[in-house]
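>>> I'd like to go over a predicted model; first the sequence, then the structure.
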Amino acid sequence: MVRKYSIKELLNKGTLFINKKVLVEGWIRSFRYSIFIILNDGSTIKNIQIILPKKLDKRIIKKITIGSSIRVIGIVKKSIGTKQYIELQSLDITIYESVDSKIIQKSILQPKKHSLKKLREQAHLRFRTNIFGCIMRIRHNIAFCIHKYFHENGFFYLHTPIITTSNCEGTGKMFQITTMDLKKEPIDYEKDFFKCKTYLSVSGQLEAESASLGLGKVYTFGPVFRAENSNTSRHLSEFWMIEPEIAFYHLEENINLAETFLKFIIRYIIENSMEDLVFLNQCLDNKGNQKKKNFLLEKLELILKFSFKKISYTEVIKLLDQEEKKKNIKFLHPIIWGMDLQSEHEQYLVDKYFKIPVIVFDYPCNIKAFYMRMNNDGKTVRAMDILFPGIGEILGGSQREERYDILLQRMKDTNTDKNKLWWYLDTRRFGSVPHSGFGLGFDRLVQFITGMNNIRDVIPFPRTPNNAEF
Ligand code: 4AD
Ligand code: MG
């Protein structure tokens, strides 16, 4: 039996395999002079070169086409070419499926430059492209190190329900789920599957809070669903969110955790995904729209270099107002205390003014969810958002309202149904404590780290308004 190796294993341990017989499998990236096959199996951005014997049956050669899947048993040799250290001298080749060259030409597997939009239209095939392969491997590493961080810091992974009756954030539409025939009138939700109206969850926070009030430190990492009609490059209808929740935690501790956590992830990716980052960096540099060389790598290093700027919402409003007057700029949305920060404001703050990530805290209560802790001024809540260069809001969190009466009042003020959330309110009667947490948009983080302009290019099968294909 000949042992099977991934191309990554072979290339990483090159010298150890010289003159050994090995088996590899993969898809053909190119085929030259009826002798050289360039093979990739997805394990790495790198390919291995296969050298075929000179006298190979013509019928087999005909079947060796771009995109075809093959198995090769061969001897590892030191490569004469300079590109790679080793190559594989084929002894035996099996073709699993030979791809018709005509269909390849219409597909994104044709080795030439394709737009990211075209890749999206063939989302089922884009895992085979260099760029999407890099993004997916990095996405994996980010997910992995998130679990690693929490595990090593005493957090427990909590699985919160996907089916829910309440809208935690109170804003935006939710996807309703039902087993009823909605054409039949009148609709009686008492007869529905759960005996009530149910939706896909927008956040696991409320359940995570109750878990934190027993386990101390928990986090969720799962898909959430929002039926907002936001067709932007930063919004998905189905996206992944990480929500840590920590008992006995104040806003300042929450802010510090968020910053440390984000820096940990970025450091981990620099240390563990360099090959893929370098490839993406080249793509961005080659696009010519980035004036700076090593745009992506420098952008990531910048995050690690400085402390994030911490500034209250009220100070932000003052600053933007002053800037408008001093520099004669005009924002589309006028700067008034109480307004929600729009992308143009976020961009100005992060990309033009501070040029590092910015943490804005203590927002007006009227623009934030019911569960955030009221400050003594009676106007602002202990909220915090982290704004990242080129992305805007990447993470949002708060200290939670732990005082029963004030929470009840906030629920009334925001039209939050206290009957549905009786259990949430109830946690404030059984040893309530100050606690805090945040939600990190996983796909936005992948977008930032990979430097992609569109969030649809960092998730395998994006769900957006008018689009649920694949
Ligand atoms: O700010 P959001 O709505 O916060 C919450 O859901 C809280 N329950 C979190 C918490 O405190 N536990 O969402 C959190 C993050 C945002 O900062 C953003 O990065 C991301 O989720 N996000 C989206 N990402 C992709 N597509 C969308 N439509 C998103 N909406 C929010
Ligand atoms: Mg938010």
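Sure thing, it's come through. Ligands and ions are numbered 1, 2, ... in the order given.

>>> Relative to ligand 1, how far out is residue 344?
Residue 344 sits 18 Å away from ligand 1, going by C-beta to the nearest ligand atom, to the nearest Å. C-beta here means a position set from N, CA and C on the backbone, and glycine is covered the same way.

>>> Can you give me the neighbour number for that residue?
Neighbour count of residue 344, defined by other C-beta atoms under 10 Å: 14.

>>> ditto for residue 214
Around residue 214 there are 11 residues (other C-beta under 10 Å).

>>> so what pLDDT did it get?
Note for residue 214: predicted pLDDT of 98.

>>> Phi, psi for it please.
phi -150, psi -40 (degrees, to the nearest 10).

>>> Enumerate every residue touching the closest residue to ligand 1 within the stretch 251-400 of the chain.
Of all residues in the stretch 251-400 of the chain, residue 396 sits closest to ligand 1, at 3.0 Å by C-beta to the nearest ligand atom. Contacts for residue 396 (C-beta atoms under 8 Å, 6 or more residues apart in numbering) come out as 383-386, 438-439.

>>> distance of the residue lying farthest from the centre of the chain from residue 75?
Distance from the C-alpha centroid of the chain, by C-alpha atoms, centre = their mean, peaks at residue 55 (48.8 Å). Counting by C-beta to C-beta, to the nearest Å, the gap from residue 55 to residue 75 is 17 Å.

>>> Count the neighbours of residue 271 for me.
Around residue 271 there are 10 residues (other C-beta under 10 Å).

>>> Over to residue 374?
Using other C-beta under 10 Å: residue 374 sits among 18 other residues.

>>> Just the pLDDT for residue 378.
The predicted local confidence for residue 378 is 96.

>>> mind checking which helix or strand it is in?
In this structure, residue 378 sits in neither a helix nor a strand according to DSSP states H and E.

>>> same question, the one 4 residues further on
Secondary structure from DSSP H and E places residue 382 in strand 380-388.

>>> Establish whether that strand and ligand 1 are in contact.
No. Legend: contact between strand 380-388 and ligand 1 by C-beta under 6 Å from any ligand atom is lacking; minimum distance shown is 6.7 Å.

>>> starting at the chain centroid, how far to that strand?
20 Å (C-alpha atoms, centre = their mean, to the nearest Å).

>>> next helix or strand past it?
strand 392-399.

>>> by contact count, what packs against the strand holding residue 382?
Contact partners of strand 380-388 among helices and strands, from 3 or more C-beta pairs under 8 Å, 6 or more residues apart in numbering; DSSP states H and E: helix 251-272, strand 358-364, strand 392-399.

>>> let's see 10 Å
Judged by 3 or more C-beta pairs under 10 Å, 6 or more residues apart in numbering; DSSP states H and E, strand 380-388 is in contact with helix 251-272, strand 309-312, helix 313-327, helix 343-347, strand 358-364, strand 392-399, strand 435-441, helix 442-450.

>>> could I have it exported to CSV, CA atoms only?
Output in CSV follows, covering the C-alpha atoms of strand 380-388 (Å, rounded to 0.1, in the frame of the first residue of the first chain):
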residue,chain,number,x,y,z
THR,A,380,-27.5,57.3,27.5
VAL,A,381,-26.9,53.6,27.8
ARG,A,382,-23.7,51.6,28.4
ALA,A,383,-23.4,50.5,24.8
MET,A,384,-20.2,50.2,22.7
ASP,A,385,-19.6,49.7,19.0
ILE,A,386,-16.2,49.0,17.4
LEU,A,387,-15.7,50.6,14.1
PHE,A,388,-13.0,49.2,11.8
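
>>> Now it: buried residues?
The neighbour-count check on strand 380-388 (16 or more other C-beta atoms under 10 Å) flags 380-388 as buried.

>>> quick one on the thing from earlier: possible to save the helices and strands packed on strand 380-388 as TSV with distance to residue 108 and mean pLDDT?
Shown next, in TSV, are the helices and strands packed on strand 380-388 (distance: least, C-beta to C-beta, whole Å; pLDDT from 0 to 100):
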stretch	distance to residue 108	mean pLDDT
helix 251-272	26	98
strand 309-312	41	98
helix 313-327	43	96
helix 343-347	31	96
strand 358-364	38	98
strand 392-399	29	98
strand 435-441	27	98
helix 442-450	18	98
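
>>> SS state for the closest residue to ligand 1 within the stretch 51-200 of the chain?
In the stretch 51-200 of the chain, the residue that lies nearest ligand 1 is residue 169 (5.0 Å; C-beta to the nearest ligand atom). The local conformation at residue 169, judged by DSSP: H, G, I helix; E, B strand; the rest coil, is coil.

>>> could you give the mean pLDDT of stretch 80-97?
Stretch 80-97 comes out at a mean pLDDT of 91.

>>> buried stuff in that stretch?
Neighbour-count burial for stretch 80-97 [16+ other C-beta under 10 Å]: 86-88, 90, 93.

>>> what does the stretch 251-400 of the chain have sitting close to ligand 1?
393-398.

>>> Residue 213: how many residues sit nearby?
21.

>>> need the contact list for it.
Residue 213 is in contact with 245, 247-248, 400, 402, 427-428, 430-433, 435, counting by C-beta atoms under 10 Å, 6 or more residues apart in numbering.

>>> Mark which of the residues you listed are buried, thanks.
Neighbour counting with 16+ other C-beta under 10 Å marks 245, 247, 400, 402, 427-428, 432, 435 as buried within the contacts of residue 213.

>>> Give me the subset of these lying in strands.
245, 247, 435 (DSSP state E).

>>> So what sits opposite the second one in the bridge?
For residue 247, the residues forming beta bridges with it (DSSP bridges) are residue 435.
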